[in-house]
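[1] fold the following for me, if possible:
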Amino acid sequence: MCGIAGIIHRGNPGGIGKEMTSMLQSLKHRGPDSTGFAMYGVPSENEMVMRFKVAEQEDLNSGFEIHQQIKDRKALVDSRLKEMGATILNQQIVTEYAYRYTLNHSGDMRKLADYVEDIEGAEILSLGTALELVKDLGDATVVSGQYDLGSFMGSHAIGHTRMATESDVDIRSAHPYWAYPFKDIAVVHNGQLTNYWNWRRTLEHRGHRFMSNCDSELIAVYLADKMDQGIELQPAMEDSLDELDGVFTYVVATSDQLGMAKDVMAAKPMVLYESDEFVALASEEVAIRSIFPHEIKTFDPYEGEVRVWQR
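    Alright, predicted model coming up:
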């Protein structure tokens, strides 16, 4: 039943960390197992932000050995970044197993990401100039507090509350998904794709790789692949309505855009609020009213509809 949400500031950056926390907490009843945020800050010239983990939260109960493994994996990440010519400008230990690095790197981003993720237990959650992707077990308040997201300032964000049905309750299975290895593209999704494996094989033959068996990750890679071919975001999303089968509503974000698509059956809910300053959207109106408590007018998008907003 999962919940999805998005917000974009059309003018100056705002407190998207606090806003998305409030929206997702309002959707906790749709998915209490894990919560994820994809937030877009103000890009810095010649700098990239890498969010990564070297273990799962539940691994910490495995005894002394796992704590030493975490230290060893983190040291190996540092070593491999240096080998690839990346300079670590700043590093934050967010949790024992999750980190935020600011990097300077002018080389091949795919090779760098592949080399880091070749380390057993290491996973890059996001790598880009604006995107910072955070996801973990627990509701929005728990995850936001753990990663200190309440003070995050930026232009737009998307988020997801997950109810585990067919896969494990772990960070790897949590949403959003970064479109590896394309910088600054992330997706949240409510629904199910029925031609997932056909499209996954097609994209794998094109050289893409997947970290999970989640169809939300496929949507992210599908759209990134289209844009890599020179197709703009909106027509790429319009293509998805014809080429991806199933019932779904998804929200996608790039470094400067927020988009929403609803399949032709319109079985998965979405509510929108739009003003000159903001666009907010969510699975339920309660999430939008959590940040706009005054009188507002919301509406539901039509079946088969695609909308894209610029920051």
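[2] longest helix in this structure, please.
    Longest helix of the chain, by residue count under DSSP state H: helix 64-83.
[3] mind listing what's buried in it?
    Residues Ile66, Gln69, Ile70, Arg73, Lys74, Leu76, Val77, Asp78, Arg80, Leu81 are the ones in helix 64-83 that count as buried (16 or more other CB atoms under 10 Å). Placement of C-beta: from N, CA and C, glycine included.
[4] likewise for stretch 187-198?
    Going by neighbour count (16+ other CB under 10 Å), the buried part of stretch 187-198 is Val187, Val188, His189, Asn190, Gly191, Leu193, Tyr196.
[5] give me the below-cutoff pLDDT ranges for the stretch 1-150 of the chain.
    Residues of the stretch 1-150 of the chain meeting the criterion pLDDT under 70: 1.
[6] how about a cut-off of 90?
    By pLDDT under 90, the low-scoring segments of the stretch 1-150 of the chain are 1-2, 11-12, 31-34, 42-46, 56-64, 106-107, 109-110, 137-138.
[7] show me where the stretch 51-200 of the chain has its helices.
    With helices called from DSSP state H, counting those that start in this stretch, the stretch 51-200 of the chain shows them at 64-83, 109-117, 140-146, 196-205.
[8] now render these as CSV, adding distance to Gly159.
    Shown next, in CSV, are the helices of the stretch 51-200 of the chain (distance: least, CB to CB, whole Å):
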stretch, distance to Gly159
helix 64-83, 26
helix 109-117, 23
helix 140-146, 7
helix 196-205, 23
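[9] which one of these lies closest to Val306?
    helix 196-205 (18.2 Å; CB to CB).
[10] which SSE is immediately downstream of the closest one?
    Remark: after helix 196-205, the chain's next helix or strand is helix 215-228, criterion DSSP states H and E.
[11] can you give the distance of the helix or strand following that next one from its chain's centre?
    The helix or strand immediately downstream of helix 215-228 is helix 233-243, counting by DSSP H and E. From the chain centre to the centre of helix 233-243 is a distance of 19 Å (CA atoms, centre = their mean, to the nearest Å).
[12] can you list the buried residues in helix 233-243?
    For helix 233-243, burial by neighbour count (16+ other CB under 10 Å) applies to Leu233, Ala236, Met237, Glu238, Ser240, Leu241.
[13] name the nearest residue to the second one, sequence neighbours excluded.
    Spelled out, that is Ala236. Lys226 (3.6 Å; CB to CB, 6 or more residues apart in numbering).
[14] the one you found: what's it in contact with?
    Applying CB atoms under 8 Å, 6 or more residues apart in numbering to Lys226 gives the contacts Pro235, Ala236, Asp239.
[15] cool, and Ile8?
    Ser155, His156, Leu258, Phe278, Val279, Trp309, Arg311.
[16] wait, the second one sits on Leu258?
    If I follow you right, that is His156. Yes - the pair His156 / Leu258 is scored as a contact, 5.1 Å apart, by CB atoms under 8 Å.
[17] joint contacts of the two?
    Listed contacts common to His156 and Leu258 are Gly6, Ile7, Ile8, Arg311; contacts here mean CB under 8 Å, 6+ apart.
[18] read off the pLDDT value for Trp199.
    pLDDT for Trp199: 97.
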